[in-house]
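[1] only geometry, no sequence info:
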């Protein structure tokens, strides 16, 4: 009896940091039971530790990005920070160094300082239901998420594992606020998280406020190391996530056209700069397969590492692009606020619908732009938009109104007002539904 129990060097554990502890016991944590026991113990410890009423903890994936970054910068820009102790938790040591060098208080999430920050914070604001398994009643969890869903996710995604669904279930119960951009997306979020609809606030996404600010074309030129004035048009290609978490969703051939000489010649002849931005969770995989920039000097890859180094997100430079090309990524919901052309590269629509699937259907209605499946039609549609930017404008306006209830660049303000309202710091004059 007891022969199969894990054995630990407790003297070493007591002298180790949190990262080392996790490394030592990870094989057992992965079995599930010890993982739940660890969360149970940490959650009970969290209940005993008093909270700082003015401490706000921010977290995001990737580090320092997306809706969390936008809301944090709003708080800083409007002097709200003077009333609060604000801390960021990050996973990457290099990002930690960049943040601290820029005067931003931050810790590694898998460190004693990071864990203590979770325990002491009254407010936890994140993009991926951060620390929902540790959250206790004395804390307030704000889930900003990281995009409104076109694709099936959570309980609407039949490919999700039971372990993953358990995370959605716990997150839905722990969240005090989950944001949405309209009644349409609120319903989609409720279905995905099985969350109480009263917790979902229609505010708009904080990251979309960047679209209404002064253009950062000079910053984009710095990121790409290009003189953008030399090009007639800037095109952004942002395909959706396909490979990772032991899943393949749809085709893996959606980047092949970048190697075709006919397409490269088209870019050169029309003086177009084609920017590829891959999903951060699969970027290393695809870039290890090919160096797309070698195909043509008119193709450049905007890497997540480059954005992080400069403390900037893709949404801050989205306004610089003339045309967006995507497939099933919800980035086009953001781009609709600019009322600019969108092309949908649907090489694997039927296959993707059968694997991952969609929350919003029919796909053709919810995607206000031409659907292309060949390189020839892609080039033709780019040419049409260059000649007539109003092409598909009526369809864009229809979907924009259904997805983005607010189109004014004040989403951060509404989110912050919702937080203050729901914790009782200000009267709830407007609940934004």
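    Received it, and whenever you're ready, just let me know what you need. Values in this document were obtained by computation on a predicted structure and should not be read as measured data. Numbering: from 1, shown residues only.
[2] ok, longest helix in this structure?
    What stands out as the longest helix in the chain, according to DSSP state H, is helix 33-48.
[3] Direction included, what does whichever helix or strand comes after that helix pair against?
    Next helix or strand after helix 33-48 toward the C-terminus (DSSP states H and E): strand 52-59. Strand 52-59 has the following sheet partners, assigned by DSSP bridges: strand 85-90 (parallel), strand 121-126 (parallel).
[4] can you pull the buried residues of the longest helix of the chain?
    Using 16 or more other CB atoms under 10 Å as the test for burial, helix 33-48 gives 35, 38, 42, 46. For the C-beta atoms, the positions are set from N, CA and C on the backbone; glycine is no exception.
[5] I'd like the mean pLDDT over it, please.
    On average, the pLDDT along helix 33-48 is 90.
[6] and what of stretch 124-139?
    Averaged across stretch 124-139, the pLDDT comes to 96.
[7] what's the span of that stretch from first residue to last?
    Terminal residues of stretch 124-139 are spaced 7 Å apart (CA to CA, to the nearest Å).
[8] And the contacts of it?
    With contacts defined as CB atoms under 8 Å, 6 or more residues apart in numbering, stretch 124-139 is touched by 39, 42-43, 46-47, 51, 56-61, 65-68, 71-72, 89, 118-119, 121-123, 140-146, 167-168, 170-171, 174-175.
[9] on that earlier part again, mind putting the strands paired with strand 52-59 into JSON lines with mean neighbour count?
    Output for the strands paired with strand 52-59, formatted as JSON lines (neighbours: other CB atoms under 10 Å):
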{"stretch": "strand 85-90", "mean neighbour count": "22"}
{"stretch": "strand 121-126", "mean neighbour count": "23"}
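[10] Between the ones you listed, which one is closest to residue 308.
    The closest of the strands paired with strand 52-59 to residue 308 is strand 85-90. By CB to CB, the value is 9.5 Å.
[11] Return the distance of stretch 188-206 from the chain's centre.
    Relative to the centre of its chain, stretch 188-206 is centred 16 Å away, using CA atoms, centre = their mean, to the nearest Å.
[12] what number of residues lie near residue 387?
    By the criterion of other CB atoms under 10 Å, residue 387 has 8 neighbours.
[13] contacting residues for it?
    Residue 387 makes no contacts at all, as judged by CB under 8 Å, 6+ apart.
[14] State the distance from it to residue 268.
    Counting by CB to CB, to the nearest Å, the gap from residue 387 to residue 268 is 19 Å.
[15] What of residue 363?
    To residue 268, residue 363 is 33 Å away according to CB to CB.
[16] can you list the domains in this structure?
    If you go by automatic domain parsing, the domain ranges for the chain are 10-209, 215-403.
[17] coming back round to it: let me have the strands paired with strand 52-59 in JSON lines, adding distance to residue 405 as columns.
    Listed next are those as JSON lines, based on distance: least, CB to CB, whole Å:
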{"stretch": "strand 85-90", "distance to residue 405": "29"}
{"stretch": "strand 121-126", "distance to residue 405": "22"}
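[18] right, so of the ones you listed, which gets closest to residue 263?
    Closest of the strands paired with strand 52-59 to residue 263 is strand 85-90, at 37.6 Å (criterion: CB to CB).
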